[in-house]
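Undergrad: Predicted structure and sequence below. I'll ask about it afterward.
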Amino acid sequence: MKKLFSTNYSDGAFNFSLLLLRVAAGAMMIPHGYGKLMKFSKMSAKFSDPFHIGSTLSLSLTIFAEFFCAALIILGLLTRFACIPLIIAMSVAVFIAHKGQIFGDGETAALYLTIFVGILFVGPGRFSVDAMIGK
């Protein structure tokens, strides 16, 4: 019971928690990107274009973030770089698509945004491809 209320943590627990966070967030994001990838031709003409670069390019960048960058985060490969497109995509989802309603329709996107910003700051942890390459 004493350990439950303790603020101490071990390096192993911290790194396992980062692994769990990375894998869970990435695995839950991939279906969003995969769905858009499978419906690319139907969605490309009418997809939101907040940066005025064309709806096809906007959809392509969103798929890149939600599918490919999420896979990189699961692996822990180029983790911090992979977080940046996801942070942009989730910011657009929260503040443009859901009009900043973080406690309404944009709640899921806001949660993802928070997770990916946290991973950007903390990094991938020891249980990642980045850590293996760095040794």
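TA: Everything's here; your move.

Undergrad: what's the offset of the lengthiest helix in the chain from the middle of its chain?
TA: Counting by DSSP state H, the longest helix found in the chain is helix 11-38. Offset of helix 11-38 from its chain centre (Cα atoms, centre = their mean, to the nearest Å): 7 Å.

Undergrad: ok, now stretch 99-112?
TA: Mean-position distance between stretch 99-112 and its chain equals 14 Å (Cα atoms, centre = their mean).

Undergrad: Buried residues of that stretch, list them for me.
TA: Residues of stretch 99-112 classed as buried: 102, 106, 109, 110, 112 (neighbour count, 16 or more other Cβ atoms under 10 Å). C-beta: built from backbone N, CA, C; applies to glycine.

Undergrad: Contacts for the lowest-mean-pLDDT helix or strand in the chain, please.
TA: Least confident helix or strand of the chain, by mean pLDDT, DSSP states H and E, is helix 129-134 with a mean of 90. Helix 129-134 is contacted from outside by 75, 76, 77, 78, 79, 123, 124, 125, using Cβ atoms under 8 Å, 6 or more residues apart in numbering.
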